[in-house]
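Student: Next come a sequence and a model predicted from it.
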Amino acid sequence: MIEARFLLDYSEFTLDVDLQLPEKGITALFGHSGSGKTTVLRCFAGLNRATQGRLVVEGQVWQDEAQGIFLPTHERPLGLVFQEASLFPHLSVRKNLEYGMKRAGNKRGEGFDACVDLLGIRPLLDRAPDRLSGGERQRVAIARALLTRPRLLLMDEPLAALDLKRKLEILPYLEKLHDELDIPVLYISHAPDEVARLADHLVLMDGGKVVASGLLMETLARADLPPAFADDAGVVLEATVAAHETDGLTRIDFKGGSLYVSRRDDPIGRRLRCRIHARDVSIALHPLGESSVLNTLPVLVEAIVPTDTEGHVLLQLKLSDGPGLLARITKRSCTALNVQPGRQVYAMVKSVALLA
């Protein structure tokens, strides 16, 4: 595990975090602007020094203020990727990558070809940075960071400066990193769908503090998160493409049920993630035989939680043999239907966002 404890006072807020993070996969730090995400990343990088701090990565102490230990940034084996690629403008792509290898003492170029192919930048090697698109520059920046042989990769909103087209261009490469990298990645974003698509572990931050931390799917399915996250409430499910119907729909299966979505080009058996917003789930006491809503799932009401939006509540629901769901409904509907914890109801899913 990665152990991180940072306490740092600012005039506008106090950063106070205590984290135990996995040593593999992508951990996303998510929160609204000013929540402290970037400050946490800068503490990991050694760019900000917490007055009370301790950071241990793979058993190596990078910071322990109690013992007077603080490794400066250049002594920490990490890779950094920011919103802007910050490539050296006077060097070709190849030379930018060689700089990363030089920093790591990798004179033989080990891993160069694998990294170039992983990020699809071989056709770009002889180009200057000003001849690259925003997405291409970010892929080169990620490759350069990886060629430093980091033990931890830090990514601070790497897609924030890109338009939608460029984001869609680079996301598949980030998914490949997720599948093939053996090192942990700390990924900052304020985009819920981006986090839902990439992350394994989720840290929610608000006001300089951690309000929730855990596996992505378990954490998102909680109904007791602070009001600041209510508008983004929803769950992420791991699903498999099961069938392509003749009427233009695709069936996806997940543990505990199935959902129908618009026709996909994905092959049968492909695994993907889907996100279901709480606002897109309604409740019925009985299955509706005549309805345009195709996706109806039997669920058990586990909890009813107030929201900061007057007149609404959040229902935490559980499938009989599968993950949880969230539904955001009005208090009036909750009362009229006599919805109570422990009651069996039917969740009608109006929209499913596929994240692949």
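Tutor: Now that the structure is in, tell me what you want to look at.

Student: Helix or strand with the lowest mean pLDDT in this protein?
Tutor: The weakest-scoring helix or strand in the chain, judged by mean pLDDT, DSSP states H and E, is strand 353-354 (a mean of 82).

Student: who does that strand pair up with?
Tutor: Here strand 353-354 has these sheet partners by DSSP bridges: strand 271-277 (antiparallel).

Student: could you say what helices and strands the next helix or strand after the strand it pairs with packs with?
Tutor: Next along the chain after strand 271-277, taking DSSP states H and E as the criterion, comes strand 281-284. Judged by 3 or more Cβ pairs under 8 Å, 6 or more residues apart in numbering; DSSP states H and E, strand 281-284 is in contact with strand 324-330, strand 344-349. Where you see a C-beta, it was placed from the backbone N, CA and C, and this is true even at glycine.

Student: which stretches of the stretch 151-300 of the chain aren't confidently modelled?
Tutor: 227-228, 230-231 (pLDDT under 70).

Student: what ranges do the helices span in the stretch 151-300 of the chain?
Tutor: Taking DSSP state H, counting those that start in this stretch, the helices of the stretch 151-300 of the chain run over residues 164-180, 192-198, 216-220.

Student: now what about the first one, what contacts it?
Tutor: What that stands for is helix 164-180. For helix 164-180, contacts defined as Cβ atoms under 8 Å, 6 or more residues apart in numbering pick out 25-26, 118-120, 133-135, 138-139, 142, 158-159, 162, 185, 194, 197-198, 200, 356.

Student: can you tell which of the helices of the stretch 151-300 of the chain is closest to Asp265?
Tutor: With Cβ to Cβ as the criterion, Asp265 lies closest to helix 164-180 of the helices of the stretch 151-300 of the chain, at 14.0 Å.

Student: got the angle for that closest one vs strand 271-277?
Tutor: Relative orientation of helix 164-180 and strand 271-277, computed by axes from the mean of the first three to the mean of the last three Cα atoms, to 10 degrees: 120 degrees.

Student: buried set for helix 164-180?
Tutor: The neighbour-count check on helix 164-180 (16 or more other Cβ atoms under 10 Å) flags Arg166, Lys167, Glu169, Ile170, Leu171, Tyr173, Leu174, Glu175, Leu177, His178 as buried.

Student: Check stretch 42-58 too.
Tutor: The neighbour-count check on stretch 42-58 (16+ other Cβ under 10 Å) flags Arg42, Cys43, Phe44, Ala45, Gly46, Asn48, Ala50, Gly53, Arg54, Leu55, Val57 as buried.

Student: Can you lay out those residues as a markdown table showing pLDDT?
Tutor: Output for the buried residues of stretch 42-58, formatted as a markdown table (pLDDT from 0 to 100):
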| residue | pLDDT |
| --- | --- |
| Arg42 | 95 |
| Cys43 | 96 |
| Phe44 | 96 |
| Ala45 | 95 |
| Gly46 | 95 |
| Asn48 | 94 |
| Ala50 | 92 |
| Gly53 | 94 |
| Arg54 | 96 |
| Leu55 | 97 |
| Val57 | 95 |
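
Student: So which of those are in helices?
Tutor: Within these, residues falling in helices by DSSP state H are Arg42, Cys43, Phe44, Ala45.

Student: quick check: mean pLDDT across stretch 83-93?
Tutor: Mean per-residue pLDDT for stretch 83-93: 90.

Student: which other residues reach that stretch?
Tutor: Stretch 83-93 has contacts (Cβ under 8 Å, 6+ apart) with 95-96, 99, 121, 124-130, 132, 134, 137-138, 140-141, 144, 156-158, 160-161.

Student: and if you look at stretch 150-157?
Tutor: 2, 38, 41, 44-45, 57-58, 60, 76-83, 142, 145-146, 181, 183-190.

Student: quick one: which of those residues sit in strands?
Tutor: Using DSSP state E, the subset of those located in strands is 2, 57, 60, 78-81, 184-189.

Student: Among those, the buried ones, what's the PyMOL command?
Tutor: Applied in PyMOL, the following selects the buried portion of these according to 16+ other Cβ under 10 Å:
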select buried, resi 2+57+78+79+80+81+184+185+186+187+188+189
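
Student: Output the ones in strands among the contacts of stretch 150-157 as JSON lines; include the columns distance to Asp113.
Tutor: JSON lines is the format used below for these (distance: Cβ to Cβ, whole Å):
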{"residue": "Ile2", "distance to Asp113": "29"}
{"residue": "Val57", "distance to Asp113": "27"}
{"residue": "Gln60", "distance to Asp113": "29"}
{"residue": "Leu78", "distance to Asp113": "23"}
{"residue": "Gly79", "distance to Asp113": "18"}
{"residue": "Leu80", "distance to Asp113": "23"}
{"residue": "Val81", "distance to Asp113": "21"}
{"residue": "Pro184", "distance to Asp113": "24"}
{"residue": "Val185", "distance to Asp113": "22"}
{"residue": "Leu186", "distance to Asp113": "26"}
{"residue": "Tyr187", "distance to Asp113": "25"}
{"residue": "Ile188", "distance to Asp113": "29"}
{"residue": "Ser189", "distance to Asp113": "30"}
